[in-house]
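Peer 1: heads up, no residue letters with this:
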């Protein structure tokens, strides 16, 4: 039975609770549960792998043509469908959403999908359960067209093949991975994240894992920041990385003010754990566990030592050594 009384703070069709005194919507309770409105005024989209019985990509795409993806009860089955819808709505001149953000909520156990397009000015947020408390997407993601201000939050990505898991083209400025997990394929992969000429990148609180805890299915490089035209304002903090070559490889761009901090890098194989060709990035409080047998600092990290503070290394012949080497103050 519909009930409407906005002045008292709520109405019912679905239940819509509004704040007082301005009557702005606080949250809606519908058949699929509580839904909180997008704080920027953009559109929310929903992806549920199990939204219908369709199980092939073709059948799921056909299902997605029959729904609008704007609630869990009308969810898309493919992430690609949500990205397409989001890119349309965020760009509509009639909407005037040029400074707003859309959101895509993703739920699924066993998603197999390879992305080629990113959603402009949008958060892709993992929810639900797939052993982890987030969905895992199996595939490789070779992005063809630059989009700005994209954030992946609480998402899992399972690599296939032996190449890169993500290839990000130039001008994807503002790209962020927050609390995400990247897992190598059983045959090993070259890079988890290859990011070209994109500024304001953030990689925060992510895990870069081997296949099933072994050492054969492993990323050679976790993060490769490439190009010299526009890679400034790079920040990577609080990540856990297992790799066979390098945790971070950074090109010779302008990176003053950039920061790599509090990362734990376990390097299984030959190469330096951190390679910064810019000599402009600060490295603070990182921990490196290396299989390198030497005791020369440059075998573990190549960077501007004047911008490296309180990094600690354990290798085959070194235990909890400082990087760079300590040069004490004098009175």
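Peer 2: Right, received. Where do you want to start? Being a predicted model, the structure only gives us computed values, none of them experimental.
Peer 1: alpha carbons only for contacts and neighbour counts from here, please
Peer 2: Fine.
Peer 1: can you show me the helices along the stretch 101-250 of the chain?
Peer 2: Remark: no helices are assigned in the stretch 101-250 of the chain by DSSP state H, counting those that start in this stretch.
Peer 1: from start to finish, how long is stretch 91-105 in a straight line?
Peer 2: With CA to CA, to the nearest Å applied, stretch 91-105 spans 19 Å between its terminal residues.
Peer 1: so for that stretch, what's the average pLDDT?
Peer 2: On average, the pLDDT along stretch 91-105 is 95.
Peer 1: which residues touch that stretch?
Peer 2: Applying CA atoms under 8 Å, 6 or more residues apart in numbering, the external contacts of stretch 91-105 come out as 38, 40-47, 82-83, 86, 89-90, 121-127.
Peer 1: in ChimeraX, select just the buried ones from those.
Peer 2: In ChimeraX, this line selects whichever of the contacts of stretch 91-105 come out buried by 16 or more other CA atoms under 10 Å:
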select :42,43,44,45,46,47,82,83,86,89,90,121,122,123,124,125,126,127
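Peer 1: please tell me I have it right and residue 295 contacts residue 319.
Peer 2: No - proximity of residue 295 to residue 319 does not meet the contact threshold set by CA atoms under 8 Å, at 10.2 Å.
Peer 1: mind pulling up the pLDDT for residue 293?
Peer 2: Per the predicted model, pLDDT is 77 at residue 293.
Peer 1: need the contact list for the residue nearest to residue 110 when sequence neighbours are not counted.
Peer 2: The shortest distance from residue 110 to any non-neighbouring residue, by CA to CA, 6 or more residues apart in numbering, is to residue 136 (6.5 Å). By CA under 8 Å, 6+ apart, residue 136 lies in contact with 108, 109, 110, 111, 130, 155, 156, 157, 158.
Peer 1: isn't the fourth one right next to residue 135, touching?
Peer 2: Read that as residue 111. Yes - counting by CA under 8 Å, residue 111 touches residue 135, with 7.4 Å between them.
Peer 1: which of the two has more residues huddled nearby?
Peer 2: residue 135 (26 against 22; other CA atoms under 10 Å).
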